[in-house]
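Undergrad: okay, here's the prediction I keep looking at, along with the sequence it came from:
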Amino acid sequence: MGVDDKLLIQEVVARYSYSYDGGDADAFAQLFVEDAIFEVIVPTQSRPVVSVLSRAAIREWAVQRHELTGGTQARHYQSGLLFDELTANTARTRTMLLLTRQGTPDSAPLLQLTGVYHDIWRKTGEGWRLVHRVAHLDRDPGFGSTDVVQSI
């Protein structure tokens, strides 16, 4: 454990952005363990506004989100990866998130939301995988609107 594990986890974080933003729900889901949890929390709500349980459900969620977004391009910019804990088989990290979206009529990408991912990791036979990813958003971007929920 050490620098090599940190680099491998950092690569999974990058694959998250590339696979989701590239519309590859299968590759995206493979970044999670079978019994993974993915959640989104906004400051105005006492419970997660999104809660998806299992790798299969995360894949289906990504497929649905991509269908809803149609002709727009999401870009997940993840930076400031911080390791709060790292053992031989587990890790806890935080990563800053900046999400933009650009549609055909948009001359430039539009900032959609910001926040921090809080992650729990497990080292598996497939490599490092996400066990629990929680997106703590800085503000509620309007989760009553499907335009926002589908973009996370």
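TA: Happy to help now that I have it.

Undergrad: next structured bit after the longest helix along the chain?
TA: Looking across the chain with DSSP state H, the single longest helix is helix 3-21. Using DSSP states H and E, the helix or strand that follows helix 3-21 in sequence is helix 25-29.

Undergrad: buried ones in that following helix, by neighbour count?
TA: Buried residues in helix 25-29, counted by 16 or more other CB atoms under 10 Å: Ala25, Ala27, Phe28, Ala29. Quick note: C-beta positions are derived from backbone N, CA and C, even for glycine.

Undergrad: tell me the contacts of the third one?
TA: It refers to Phe28. Tyr16, Ser19, Tyr20, Ile58, Arg59, Ala62 (CB atoms under 8 Å, 6 or more residues apart in numbering).

Undergrad: for the last one, same thing?
TA: Contacts for Ala29 were tallied using CB under 8 Å, 6+ apart; they are Arg55, Ala56, Ile58, Arg59, Ala62.

Undergrad: can you select the buried ones among those for me in PyMOL?
TA: In PyMOL syntax, the buried subset of the contacts of Ala29 is picked out as below (16+ other CB under 10 Å):
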select buried, resi 55+58+59+62
